[in-house]
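Undergrad: okay, sequence plus prediction incoming.
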Amino acid sequence: MRVIVAGDLIITGPGPDILTVDAGGGSRLFTVSSGNVEIAGLKLTGGRMVTRGGGAIHNQGKLTMRRSGLTGNTASLSSGGAVHNTGSLTIVNCTFADNASGGESGIFIAEGHEIVLNITIERRGNKIAIQR
């Protein structure tokens, strides 16, 4: 399951302890190619990419994440087990746990404008890598 977003979109769930979106290890969950996108109140898990980063999300647009959890996502041969960002990224009140990547980061920010606020990083593979 992979959702490709190419425009403005708001996805709001009841909370990460209530609603889980699970890719089952078959693909990335979301690709944000453009637009203003907000994802809130979800647990994103089971995302997997082999050759590109962002097991759960690859962002090229303007992404805001709120009150969400990203756990158990992988990017085998790249960085950003959970999130690979080449756009604008805002993260507020989110938890990252057990995300893994070949590049050893849970969140990879390659370029763009980033704002990372009030996040919890738990367990392995969840470093934040910023490349400038």
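TA: Yep, that arrived.
Undergrad: mind listing what's buried in stretch 42-61?
TA: 42-49, 52-61 (16 or more other Cβ atoms under 10 Å). The way it works is simple: take the backbone N, C-alpha and C, and place the C-beta from them, glycine included.
Undergrad: pull the CA atoms of that stretch into CSV?
TA: The C-alpha coordinates for stretch 42-61 follow below in CSV (Å, rounded to 0.1, in the frame of the first residue of the first chain):
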residue,chain,number,x,y,z
LEU,A,42,-1.9,8.1,13.3
LYS,A,43,0.6,5.4,14.0
LEU,A,44,2.6,4.6,10.8
THR,A,45,4.3,1.2,10.8
GLY,A,46,5.6,-1.5,8.5
GLY,A,47,6.8,0.8,5.8
ARG,A,48,9.7,-0.5,3.8
MET,A,49,11.9,0.8,1.0
VAL,A,50,15.0,-0.9,-0.3
THR,A,51,16.8,1.5,-2.6
ARG,A,52,15.4,4.9,-1.5
GLY,A,53,15.0,6.5,1.9
GLY,A,54,11.8,7.0,3.8
GLY,A,55,10.3,3.7,4.9
ALA,A,56,7.1,5.4,6.0
ILE,A,57,7.2,8.8,4.3
HIS,A,58,9.2,10.4,1.5
ASN,A,59,8.5,14.1,1.5
GLN,A,60,9.1,16.5,-1.4
GLY,A,61,6.3,18.9,-0.5
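Undergrad: filter the buried residues of stretch 42-61 down to just the ones in helices.
TA: Per DSSP state H, helices hold no members of these.
Undergrad: for the residue nearest to residue 9 when sequence neighbours are not counted, which residues are in contact?
TA: The shortest distance from residue 9 to any residue other than its chain neighbours is 5.0 Å, reached at residue 37 (Cβ to Cβ, 6 or more residues apart in numbering). Counting by Cβ atoms under 8 Å, 6 or more residues apart in numbering, residue 37 touches 5, 8, 9, 10, 11, 59, 61, 62, 63, 64.
Undergrad: could you do residue 76 as well?
TA: Counting by Cβ under 8 Å, 6+ apart, residue 76 makes contact with 48, 49, 50, 51, 101, 102.
Undergrad: residue 26 is in contact with the first one, correct?
TA: Yes - contact between residue 48 and residue 26 holds when scored by Cβ atoms under 8 Å: they sit 6.8 Å apart.
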